[in-house]
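# This is the structure alone, sequence omitted:
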């Protein structure tokens, strides 16, 4: 006898050779009739796949009607292990009918098409279950002594009855299911699972209760029996008994889904919070994804505020696939899509829900149809399809089903279409109906009226109407926010009394912090000017609020965002200190509210500071006094966020900018350039930044790509990226920088003609950003650009005056640029004057005083003037004191200046400071040589631990200098003298 192994059948199925697979199974059955128990799984498999043609998926396209008892009961029928050899295969194939169902649902554009699809689906299920019943009956003829076959037929017959009942055919198939279940009990009356099966299949309450209790008498630890008994009691209204039964089932087997679903359904009677009920139902759905459980999960999500969660989204999508004939599944699917801001999908779901209602044979209350139509109209409005939304509202109006919510959608649709007079008339009708509403229901229409009056008539009109309304209408937290927002737009504060009384109802932490958030925004408007918001007023208010609510993520992120947007020179460094990137955004769903997360503010602050702030000063020595040490973690935090949300364009964009800053600081190492090339290529290829609202980010990414190409020597790619950026539709102040990049590219190529052309184009475009003029000034000085006048200097001064903040700082930087250019030209006297002016404008900024001190040292060397030494000592001392991190060379120059004036003690002290200013791996040869001088000249005790010069002999110091720089002849001569 030849037996074809099941693994071969599975392989053929995986290869989609369905006809071959079916023949193999049939051949197995033909050649193994006598080994009934050994191949009983094949009989069951054949019963499932017996259907017309090759549509094997039709046999499985049932809402788990046949296989569900196996999933719930565990071992409902007692058989040898080999009898269920085909069951894993069946369970693995259960996903196939879902794809078929989805394909059928794709083209439900009309009610007739929808009804035809549903009827076809039911007909296919009926044919499949009928064929399955025939196969089971054939097995029963071969082995009439097997009780489990009776139970199989009972379950199949019950499924046939449920399908025929839905189709309207009353075939009394339920009698057969009950009789077959009793037949199983006649053979095995002590089988507790068969009693539970009878309780599930029976349509008589007394028999159902008796069977379930009898099953529990035989096995009191049967969790499935307790679960179905709880379901029975709940249906009969015995909530206390249902609660006890569900609790018993859950305590025996916590993995069962039905007790968790029952607990969630009775959360009102149990006194559970909606969140707790949602978690219980979610556990049931995760155990068994039944459509009923998934629909219940969506309902609880609506109550608990979890509609936008990914778990609910996935569950309701499966519910639509499992139960396409349920109007409720489509309606909840629309609500979930709406909560996730996918309005087009929500519109499609609501339309399917309306089609499903029309296909239901039972009488559906008109309120259900009205609710779906209102949901559809609301989503159409949000999707920008006001015309169709208006048509839905007019249809409801004709049927007399336009309630207060419908009036709001009606008015909003009219306003979107520009019919303000009609919209105002509908708003008046809504206002008249408020007097007949309950106090608990007036908040939404009152808030809507206020918003619509503002949009249609302006601030003055809405304020006048609010002052005429009774103050009792505003005793609601939602209306309080609306009134406060309107009052923030009023410069004379006419709604102060109304706002004060309405804020008294705010009680929760979220409401209070949200109101402070709104007050801060109001201060930006009220204390601002025509061209600039009053950032300082908003910042001051938020700082006070954070003393009361230090853990408020909402307030912290807003403060950080305002500091980044502020006009103050040093606020950028404070912004990153406000953000707590380790705390979740608990207050609000920040991204969906259009607000910035802590990670985004941290990343933007690190870029704005123009210094990553590497704690290891191997590549740079930050001179920023207000440097924030949180910035080294900006890249790591952005990488975490980007890995968590790879679809988020904000994290990708900020990560690229921060990596570019890091590459700049580290002199563009090859590995960082490769990483940046890949990231920028993927970002530009994704199309996320090609939209109009992303034009600036697209521009920045193109400039980043151009810069990386320039650094790795790919000048053609550099020019192409810069040219692409230069044609984007952006203000001239931004396009200036693409032409500046072209200047740099042509300069690297030695193309002076095109360089002159792009330089002239920059002068024509102009920019409000001073750094652009500074870079252009360097370009002009380096390549002797021809210009008719001092237009560049005048443009720089004009841009600085237009921004009335930090004018002194920018002018100081410009003077420093002139000083550096003078040094290039060997004009040290002019350089000293420019640096002196920069110091007088910027105070004790370490960069300026350092440049001034170094220039004075060079002048003292060239002109032998002691007055320059005094100036150098003064400036270098300021630089030493002002530096956050000890700057190399400053102390060395100061030591030379002090030594030149005869102060040996200060010379020694500054040389020791210079030693500790350098990282060990970066100390230059000259520093070792100076330490040799210090070791020879120092008068301190050799055993002093604070004097590093005595850790080695003078000869060893010179040897280290030679080892670092062996090409210096001076070191060799000194070594020779020391040895001799």
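All right, it came through fine. Here the structure is a predicted model, which means the values were calculated and not measured.

# Now do residue 475 against residue 780, distance only.
According to Cβ to Cβ, to the nearest Å, residue 475 stands 66 Å off from residue 780. (Glycine included, C-beta is placed from N, CA and C.)

# And residue 504, by the same measure?
64 Å.

# of residue 475 and residue 780, who's got more company?
Ranked by neighbour count (other Cβ atoms under 10 Å), residue 475 and residue 780 place residue 780 first, with 19 against 16.

# isn't the more buried one right up against residue 759?
Yes - with contacts counted by Cβ atoms under 8 Å, residue 780 reaches residue 759, the gap being 7.0 Å.

# what touches both of these two?
Counting by Cβ atoms under 8 Å, 6 or more residues apart in numbering, residue 780 and residue 759 have no shared contacts at all.

# in the stretch 501-650 of the chain, which spans are strands?
Using DSSP state E, counting those that start in this stretch, the stretch 501-650 of the chain contains no strands.

# One more: the chain?
Counting by DSSP state E, no segments of the chain form strands.

# Find the centremost residue of it, please.
For the chain, the residue sitting closest to the mean C-alpha position, by Cα atoms, centre = their mean, is residue 645 at 5.5 Å.

# Before we move on, what's the pLDDT of that one?
In this model, residue 645 is scored at 84, pLDDT.

# give me every residue that touches it.
Residue 645 touches residue 651, counting by Cβ under 8 Å, 6+ apart.

# where's it relative to residue 359, distance?
40 Å.

# quick one: average pLDDT of stretch 270-289?
84.

# One more: stretch 767-781?
For stretch 767-781, mean pLDDT rounds to 88.

# repeat for stretch 422-433
Stretch 422-433 comes out at a mean pLDDT of 88.

# residues near residue 341, how many?
A count of neighbours around residue 341, defined by other Cβ under 10 Å, yields 11.

# cool, and residue 753?
Neighbourhood size, residue 753 [other Cβ under 10 Å]: 7.

# And the one 10 residues further on, by the same measure?
Using other Cβ under 10 Å, residue 763 has 18 other residues around it.

# If I look at residue 166, what pLDDT would I see?
Per-residue confidence at residue 166 stands at 47 (pLDDT).

# what does the one 3 residues further on give?
Residue 169 carries a pLDDT value of 45.

# Could you do residue 708 as well?
pLDDT, read off for residue 708, is 96.

# Wait, it touches residue 677, no?
Yes - using Cβ under 8 Å, residue 708 is in contact with residue 677, at 5.8 Å.

# Between these two, tell me which one has more neighbours.
Taking other Cβ under 10 Å, residue 708 and residue 677 do not tie; residue 708 has more neighbours (26 against 17).

# Could I get the full set of helices for the stretch 801-950 of the chain?
807-824, 828-842, 846-863, 866-882, 890-900, 904-917, 925-937 (DSSP state H, counting those that start in this stretch).

# Let me have the ones you listed in JSON lines, adding mean neighbour count, mean pLDDT and distance to residue 638 as columns.
Output for the helices of the stretch 801-950 of the chain, formatted as JSON lines (neighbours: other Cβ atoms under 10 Å; pLDDT from 0 to 100; distance: least, Cβ to Cβ, whole Å):
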{"stretch": "helix 807-824", "mean neighbour count": "20", "mean pLDDT": "89", "distance to residue 638": "29"}
{"stretch": "helix 828-842", "mean neighbour count": "20", "mean pLDDT": "92", "distance to residue 638": "32"}
{"stretch": "helix 846-863", "mean neighbour count": "22", "mean pLDDT": "90", "distance to residue 638": "28"}
{"stretch": "helix 866-882", "mean neighbour count": "20", "mean pLDDT": "89", "distance to residue 638": "31"}
{"stretch": "helix 890-900", "mean neighbour count": "23", "mean pLDDT": "89", "distance to residue 638": "34"}
{"stretch": "helix 904-917", "mean neighbour count": "19", "mean pLDDT": "88", "distance to residue 638": "32"}
{"stretch": "helix 925-937", "mean neighbour count": "20", "mean pLDDT": "87", "distance to residue 638": "37"}
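
# With distance to residue 244 added, can I get those in TSV?
Formatted as TSV, the helices of the stretch 801-950 of the chain follow (distance: least, Cβ to Cβ, whole Å):
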stretch	distance to residue 244
helix 807-824	75
helix 828-842	79
helix 846-863	76
helix 866-882	76
helix 890-900	81
helix 904-917	76
helix 925-937	83
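
# Now for residue 755: which residues touch it?
Taking Cβ under 8 Å, 6+ apart, one finds 743, 746-747, 779, 783, 785 in contact with residue 755.

# where along the stretch 601-750 of the chain do the helices fall?
Under the criterion DSSP H, counting those that start in this stretch, helices of the stretch 601-750 of the chain are mapped to 634-644, 649-665, 670-686, 695-711, 715-726, 732-749.

# What about residue 550, how many residues nearby?
Using other Cβ under 10 Å, residue 550 has 10 other residues around it.

# ditto for residue 235
Applying other Cβ under 10 Å, we find 11 residues neighbouring residue 235.

# Equivalent analysis for the one 5 residues further on, please.
Around residue 240 there are 9 other residues, counting by other Cβ under 10 Å.

# Please tell me how far it sits from residue 254.
Residue 240 sits 22 Å away from residue 254, going by Cβ to Cβ.

# State the distance from the closest residue to residue 842 other than its chain neighbours to residue 852.
Distances taken as Cβ to Cβ, 6 or more residues apart in numbering place residue 812 nearest to residue 842, at 3.7 Å, with adjacent residues excluded. Residue 812 sits 11 Å away from residue 852, going by Cβ to Cβ.

# Check residue 731 too.
37 Å.

# Residue 929: which of the helices of the stretch 601-750 of the chain is closest?
In terms of Cβ to Cβ, the element of these nearest to residue 929 is helix 649-665, at 28.9 Å.

# Give me the average confidence score over that closest one.
89.

# Same check on stretch 500-520?
Averaging pLDDT along stretch 500-520 yields 88.

# Quick one: residues in contact with it.
Here stretch 500-520 makes contact (Cβ under 8 Å, 6+ apart) with 471, 474-477, 479-481, 483-485, 488, 538, 541-542, 545, 549, 552, 554-555, 558, 562, 587-588.

# hmm, try it at 7 Å
Stretch 500-520 has contacts (Cβ atoms under 7 Å, 6 or more residues apart in numbering) with 471, 474-477, 479-481, 483-485, 488, 538, 541-542, 545, 549, 552, 554-555, 558, 587.

# Mind checking which of those residues are buried?
Those of those that meet the buried threshold are 474-477, 479-481, 483-485, 488, 538, 541-542, 545, 549, 552, 554-555, 558, 587, by 16 or more other Cβ atoms under 10 Å.

# isn't residue 382 right up against residue 345?
No - Residue 382 lies out of contact with residue 345 (Cβ atoms under 7 Å); the separation is 11.7 Å.

# end to end, how far does stretch 948-956 reach?
13 Å (Cα to Cα, to the nearest Å).

# Low-confidence ranges, the stretch 101-250 of the chain, go.
101-112, 164-175 (pLDDT under 70).

# Compare the helices of the stretch 601-750 of the chain and give me the one nearest residue 228.
Nearest of the helices of the stretch 601-750 of the chain (Cβ to Cβ): helix 634-644, 41.8 Å.

# how close does residue 663 get to residue 278?
Going from residue 663 to residue 278 by Cβ to Cβ gives 47 Å.

# Neighbour count: those two, which is higher?
Per other Cβ under 10 Å, whichever of residue 663 and residue 278 has more neighbours is residue 278, with 27 against 22.
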